[in-house]
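> Quick one, fold the following:
(chains A and B)
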Amino acid sequence: MARASRAVRDDDTQAFDQARRQARDARRSRRRWDVLLVVGLGGAIGSLLRFAVSEALPHDAGQFPWSTLLVNVVGCVAIGALLVMITETAIPHRLLRPFVAVGVLGGLTTFSTYAVDAVDLARAGHPRLAVLYLVGTVLVCLAAVLAGAVGARRIVVQ
Amino acid sequence: MTALLVAVGGAVGAVLRYLLDGWVQRRHDSPFPWGTLTVNVIGSLVLGVLAGAAIYGHGPAELQATLGVGLCGALTTFSTFGYDTARLFSERAPLYAVANVSVSVLAGLGAAAAGMLLAAAVWSRFVE
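Residues are numbered from 1 along each chain as shown, chains lettered A, B, ... in the order given. Model prediction:
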């Protein structure tokens, strides 16, 4: 009798544990899917913005790529400011960082176009301009991250 | 139409970057941003191939918009690269920061040039 009731209890416990595991797995996979969704949505928005800037400021292969420099600098100011706000203010929404930092700003900025721009400049007979572009972009973008972070911290502290 | 292709490529590229970055970074117990370096080098190589194909008159405009502007543009990132470098400086790991910049720029540049050369080797045969 006692053995039978224990067996029932064990069955109950197992069923309960299994249901809990299933609920947890469902929660986790839902979480993962909504993160991927906002990353993709942000990536589409950021890429469209970058495309619009490149259409507004077109350059041929071998001309100085102002549009690439502009999107990269703007994206770096924004990520510096955003991550200060996320880490130093109240609890942010958990999808804010995937949407804005990974999606929009990751989609807005580009490393591949930067690298190909530099090869294009060198191929067009401007190797010194290519080096200036490579080094200049890195320095300006690092300054942009710092400027964004310092600016945001000033606003947050006030 | 072009904008739609850019948006679709951008969405796929951003998701791929998120997954690949996480996958690579989980395999390295290090403050060095291996994941960002990986996506940036792969994207530069692919965009190099596309740019090389375009020089030889291959790779239609739709493909360039989807894969070049959209996918490669969003797969790679300058904002995370810049933020990671600034973070390494502020965490008193200046060697990591300098290494991140030098390796990323040289590897990205090398990958883009290699992609273009690869495209030239493949498509110049069809042109002849």
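> Any stretches of chain B with poor pLDDT?
B:126-128 (pLDDT under 70).
> show me where it has helices.
For chain B, the helices defined by DSSP state H cover B:2-26, B:34-55, B:61-63, B:73-75, B:79-90, B:94-127.
> From chain A, how far off is the closest residue to B:W34 other than its chain neighbours?
Spatial nearest neighbour of B:W34, chain neighbours left out: B:H28 (4.7 Å); criterion: CB to CB, 6 or more residues apart in numbering or on different chains. The way it works is simple: take the backbone N, C-alpha and C, and place the C-beta from them, glycine included. In this view, B:H28 and chain A are 19 Å apart by CB to the nearest CB, to the nearest Å.
> Does B:H28 touch B:T38 like I think?
No - proximity of B:H28 to B:T38 does not meet the contact threshold set by CB atoms under 8 Å, at 10.0 Å.
> Going by how many neighbours each has, rank the two and give me the top one.
Legend: neighbour count by other CB atoms under 10 Å in any protein chain shown for B:H28 and B:T38, higher for B:T38 (17 against 11).
> Now do the contacts for the more buried one.
B:20-21, B:24 (CB atoms under 8 Å, 6 or more residues apart in numbering or on different chains).
> Most neighbours out of those residues, which is it?
B:D21 (23 neighbours).
> What sits closest to it if chain neighbours are left out?
Nearest non-adjacent residue to B:D21 (CB to CB, 6+ apart): B:G35, at 3.5 Å.
> do the same with A:P65
A:D117 (4.1 Å).
> With B:A99 instead?
Nearest to B:A99 is B:F32, by CB to CB, 6+ apart, at 7.2 Å.
> and if you look at A:D120?
That would be A:A61: by CB to CB, 6+ apart, it lies 4.0 Å from A:D120.
> Could you look up the SS state of that neighbour?
coil (DSSP: H, G, I helix; E, B strand; the rest coil).
> Run through the residues that contact it.
Here A:A61 is in contact with A:120, A:123-124, B:51 (criterion: CB under 8 Å, 6+ apart).
> Can you tell me which of the residues you listed has the most neighbours?
B:A51 leads the contacts of A:A61 on contacts (other CB under 10 Å) with 26 neighbours.
> Hmm, A:V116 and that one touching each other?
Yes - using CB under 8 Å, B:A51 is in contact with A:V116, at 5.1 Å.
> residues shared between the contacts of those two?
What both B:A51 and A:V116 touch, as defined by CB under 8 Å, 6+ apart, is the set B:112, B:116.
> picking up where we left off before, mind checking pLDDT for the residue nearest to A:P65?
Looking at A:D117, its pLDDT reads 96.
> which element is it on?
Using DSSP states H and E, A:D117 maps to helix A:112-123.
> Who are the contact partners of the residue nearest to the spatial centre of chain B?
What sits nearest the mean C-alpha location of chain B, by CA atoms, centre = their mean, is B:G43, with 2.4 Å. For B:G43, the contacting residues are A:110-112, B:13, B:72-73, B:75-76, by CB under 8 Å, 6+ apart.
> same thing but at 6 Å, please
A:112, B:72, B:75-76 (CB atoms under 6 Å, 6 or more residues apart in numbering or on different chains).
> Which of these ranks first by neighbour count?
Neighbour-wise, those (other CB under 10 Å) top out at A:S112, 35 neighbours.
> quick one: contacts for that residue?
B:43-44, B:47, B:72, B:76.
> again, only this time at 7 Å
B:43-44, B:47, B:72-73, B:76 (CB atoms under 7 Å, 6 or more residues apart in numbering or on different chains).
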